[in-house]
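*Asks:* generate a structure from the sequence data that follows.
(one chain, ligands or ions: 1)
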Amino acid sequence: MKKLILLLLIYLSFSCSSDKINDEEIICTDSQLGVNCPDTDYIKNSDSQYVLPWEIGKIFKVGQGNCTDGSHSLGQVQYAYDIDMPIGTNIVAIRSGIVVKVIEKFKDLEIGTVGAIDEANVIHIKHEDGTEAQYLHLTYNGALKNEGDNVNQGEVIALSGNTGKSTGPHLHFHVMQALNECEDTDPRENYTWYSCNSIPLTFKNTSEHCYGLLEKDLKSEGYTAESY
Ligand SMILES: [Zn+2]
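*Replies:* Numbering: from 1, shown residues only. Sure, this is the predicted structure:
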């Protein structure tokens, strides 16, 4: 019996000390800014398996971040990013995978015009866990890989552009949850377009971003892709 009490005491002392560690506050400078999705749990960027979709050494700014009042408001694109970049910028894979969809037949829009939502050039890359990265608004003939190709993280896969529902040259990208984990969280009754959700992303090769990448009005210097 004494042994049992001793074991219990040891167990209790261990569980108390681990609670103490969990209670430590995570300090994040972003928390002082007006972040868009305050209730979302973003993975600490040093623990993320994703890299920024541009080449190491390059710096780009976020035109539209997550959970906006604009086109990134609901399920499928809630956790999308729009990156301002000139037409023809090299896009790299944020994670390794297999190319499952390519569209590159649409012409880039003239400045001041906006195209149709289904006329964007795209490349989709499925990851080993079933999630899928979707890169949109590529330039005409801007996919550098074919369906079925395996791509490595950081490999150049496409050239950015200004096709589809776009108001200027930029890359829109998001990662969809795996099909078998699809949840319809769209509040509109019988509305099935957003049947799969995007997932919150952070990136291991840039500066701290506890609430996802911040838009350029909060982060005017943009984000540098660092080596990893
Ligand atoms: Zn977008």
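
*Asks:* tell me how far the residue in the chain that the ion sits nearest to lies from Lys126.
*Replies:* When distances are taken as C-beta to the ion, the chain reaches nearest to the ion at His172, 3.4 Å away. The C-beta positions use only the backbone N, C-alpha and C, and glycine is treated the same way. Between His172 and Lys126 the distance is 18 Å, computed by C-beta to C-beta, to the nearest Å.

*Asks:* what about the two, which has more around it?
*Replies:* A side-by-side neighbour count of His172 and Lys126, using other C-beta atoms under 10 Å, places His172 first with 24 against 18.

*Asks:* could you report the neighbour count for the closest residue to the more buried one other than its chain neighbours?
*Replies:* Excluding its sequence neighbours, the residue lying closest to His172 (C-beta to C-beta, 6 or more residues apart in numbering) is Leu136, at 4.3 Å. If you count neighbours by other C-beta under 10 Å, Leu136 ends up with 26.

*Asks:* before we move on, what about the one 3 residues further on?
*Replies:* Burial measure for Thr139: 23 neighbouring residues, criterion other C-beta under 10 Å.

*Asks:* so it is in which element?
*Replies:* Thr139 is part of strand 132-143 when elements are defined by DSSP states H and E.

*Asks:* for the residue of the chain closest to the ion, list the residues it contacts.
*Replies:* By C-beta atoms under 8 Å, 6 or more residues apart in numbering, the contact set of His172 is 77, 80-83, 135-137, 166.
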